Structures are given as C-alpha cells and as structure tokens.
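A.B. asks: Predicted structure and sequence below. I'll ask about it afterward.
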There are 2 protein chains.
Amino acid sequence: MTKTRMIFTLLLRLLALGATLAATIIMVTSHDSAEVLNLTFQAKYSDETTFKYFVIAEAVASGYSLIALFISSKSLLRHLVILDVVITTLLSSSVSAALAIAHVGKKGNSHAGWLPICGQVHKFCNQVTGALIAAFIAAIIYLVLLLYTLHTVYM
Amino acid sequence: MTKTRMIFTLLLRLLALGATLAATIIMVTSHDSAEVLNLTFQAKYSDETTFKYFVIAEAVASGYSLIALFISSKSLLRHLVILDVVITTLLSSSVSAALAIAHVGKKGNSHAGWLPICGQVHKFCNQVTGALIAAFIAAIIYLVLLLYTLHTVYM
C-alpha cells in the first residue's frame, strides 16, 4: 500500500467514524413532547423499531471504524475489504429504512390514514433529519472507500 | 477464472435475476380494496413513495443481472465487481426501506397514531410480503456473490 493511499484510506475511516458516531448520538438524544387535546405525548427514537435498528447499525459501524483505524498488519488489511462490504451494506440498509419512516413522519400517507407528526414534534423531526444526514454521509464515505480500494488494488 | 467458479457465479446471477424479477412483478401487481364505513379504498404499491423506489431498484437490479449474464470478456468481468458493489448496496437499501414501511403497515405505530392496515387489505399485505422475501433473497445472493468474488480472486 502506498503512503498516499494509506493516508487517504485513514482519513476516510476517520470521517466515517465521526459521521456514524454523530448519527448514533443525534438519534439517541432525539426527543420532543407535544400537547394534543390536553394530552401530552412524547416522541423518542425508541418508539419506532426501525430507529432502534438504525442506532444499533450506526453504533456497530462506529465500533468497526474505530477498530479498523488501528489495524496495520498487512494480512489483516487485506481482509478489511470483506468487512467493508458488510458495513457498507449495513449502513445503506439502516439509513434507507430510517429515511422511509422519517418520510412518513414528515409527509404522512393519506391512503393508509397515517398523519404526519412533524408539525407537533418538530424538534424531534429536526434531530432525526440530522442523524439521517450524518448516516447518509457515512454510507457514502464507506462506498467511496470500498470502490477506491477495489479500483486501486484490484483493477 | 476457473470453470467451477464461472458456473457458480453464473448460477448465482441467474438466481438473482429470478429473485429481483419476481420482487418487481409481485410488488407491481399488488393491490387490494377494502370497505370501511361504506367508503371503498384501494391499496396499491404506487400509493407509497418507498414502494415506488423499491420497484425501480429491483427493476434496475434485474436489468443489470440480465446484462451481466452475457458478459464474457475478461477485462469487463474484472470491472463487474465494482458494479456488483453498487447493486448490492441498492438492493440492501430498497429491501430495508420497504420492510420498514411494511412493518408499520402490519403492526402500526401507536405512538405516532399510525394504525395497521393489513387487517383491511390483507391480500395487498401478503403480496408485499412475497415481494420483500424475493428481494431479501436477491440481496443475500448478491452479497454472497460479492464476498465469494473478493475471497477467491483477491485474498
């Protein structure tokens, strides 16, 4: 591995770590409460299975990104590409699932009778949006890292 | 590329073509109608943005799987791994997003006030489930194909 390639790869992994960590923290701390017809209701990420999956996936990716930073053995580095594929798939899956739910939260679905909730709990929605942006950036970084590795090493 | 590897790869691509094609067709043809309070309402895939994205992604993957079957040039085959990464990411994204919406359709979300709709349109829900199973199989096949290629050629 050339020095330039190593620095570029390390930089991408560091950025991915920051993005997945940010996505996890922003999603976990997202909450808001609203009063509708004198009843207070709370919105938090753990109310929705998909958001729980999102948090687990982003946390796993954070942990992996951190460990990958400290791997310097050549034989282990060659195997990282396999794990990079798995993490890229996991990130693309988690961000897409959470985005689908967030879209219903924002726009609703009149056919199914699901009303948008962002009007009532806009602070919660803003935080979910922030987490989604960070997770989307992380997924793109991993995709770039993977394509770069495949292109430079194997083409 | 050894003969055994070529046959195994072709078989996986053929299976992936069948699965993505099945997912597209089952989702596109899914519809049902229900009568609630003397009002008839129809459920179809195009009512939900995520299901439209699912159909486009599965159709793109079908087209790619078909084209990839006929590529025999060695230099082009080497580049397929890059496109395989993109298609695997696309499939994992589309199946996860559609699964998240299907989960709300089946279980609802009491916190957000979204009621499950599968009790009213169970034929529609069954077809969506079928499409999701086919798409999930396709995503797994692509992941196996990718990991197999990376393992046998590059490790």
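C.D. replies: All right, it came through fine.

A.B. asks: Contacts made by stretch A:111-122 with the rest, please.
C.D. replies: Stretch A:111-122 is contacted from outside by A:32-34, A:36, A:41, A:43, A:104-108, A:125, B:41-43, B:47-48, B:104-105, B:112-115, B:117, using Cβ atoms under 8 Å, 6 or more residues apart in numbering or on different chains. Placement of C-beta: from N, CA and C, glycine included.

A.B. asks: ok now do the residue sitting nearest the centre point of chain A, which residues does it touch?
C.D. replies: Taking Cα atoms, centre = their mean as the criterion, residue A:135 is the residue nearest the geometric centre of chain A, at 2.8 Å. Shown in contact with residue A:135 (Cβ under 8 Å, 6+ apart): A:19-20, A:23, A:54, A:58, A:91, A:94-95, A:98.

A.B. asks: Give me the angle between the longest helix seen in chain A and helix B:74-107.
C.D. replies: For chain A, the helix that runs over the most residues, judged by DSSP state H, is helix A:74-107. Per axes from the mean of the first three to the mean of the last three Cα atoms, to 10 degrees, the angle that helix A:74-107 makes with helix B:74-107 is 40 degrees.

A.B. asks: Show me what helix A:74-107 is packed against.
C.D. replies: With contacts taken as 3 or more Cβ pairs under 8 Å, 6 or more residues apart in numbering or on different chains; DSSP states H and E, helix A:74-107 sits against helix A:49-69, helix A:122-149, helix B:49-69, helix B:74-107, helix B:122-154.

A.B. asks: Report the buried residues of the longest one.
C.D. replies: Yep, that's helix B:74-107 we're talking about. B:80-81, B:84-85, B:87-105 (16 or more other Cβ atoms under 10 Å in any protein chain shown).

A.B. asks: and if you look at the third one?
C.D. replies: By neighbour count, with 16+ other Cβ under 10 Å as the criterion, the buried positions of helix B:49-69 are B:50-51, B:53-55, B:57-62, B:64-65, B:68.

A.B. asks: distance between it and the chain's centre?
C.D. replies: Centroid displacement of helix B:49-69 relative to its chain, using Cα atoms, centre = their mean, to the nearest Å, is 7 Å.

A.B. asks: Report the inter-axis angle for that helix versus helix A:74-107.
C.D. replies: Going by the same axes, to 10 degrees, helix B:49-69 makes 140 degrees with helix A:74-107.

A.B. asks: List of residues touching helix B:49-69?
C.D. replies: Looking at helix B:49-69 with Cβ under 8 Å, 6+ apart, the contacting residues turn out to be A:100, A:103, A:107, B:10, B:13-14, B:16-17, B:20-21, B:23-24, B:27-28, B:45-46, B:80, B:83, B:87, B:90-91, B:93-95, B:97-98, B:100-101, B:128, B:131, B:135, B:138, B:142.

A.B. asks: Could you pull out the buried residues of the helix or strand containing residue A:26?
C.D. replies: For residue A:26, the host element (DSSP states H and E) is helix A:3-28. Using 16+ other Cβ under 10 Å as the test for burial, helix A:3-28 gives A:9, A:12-13, A:15-28.

A.B. asks: still on that earlier bit, and which of the buried residues of helix B:49-69 is nearest chain A?
C.D. replies: residue B:50 (4.4 Å; Cβ to the nearest Cβ).
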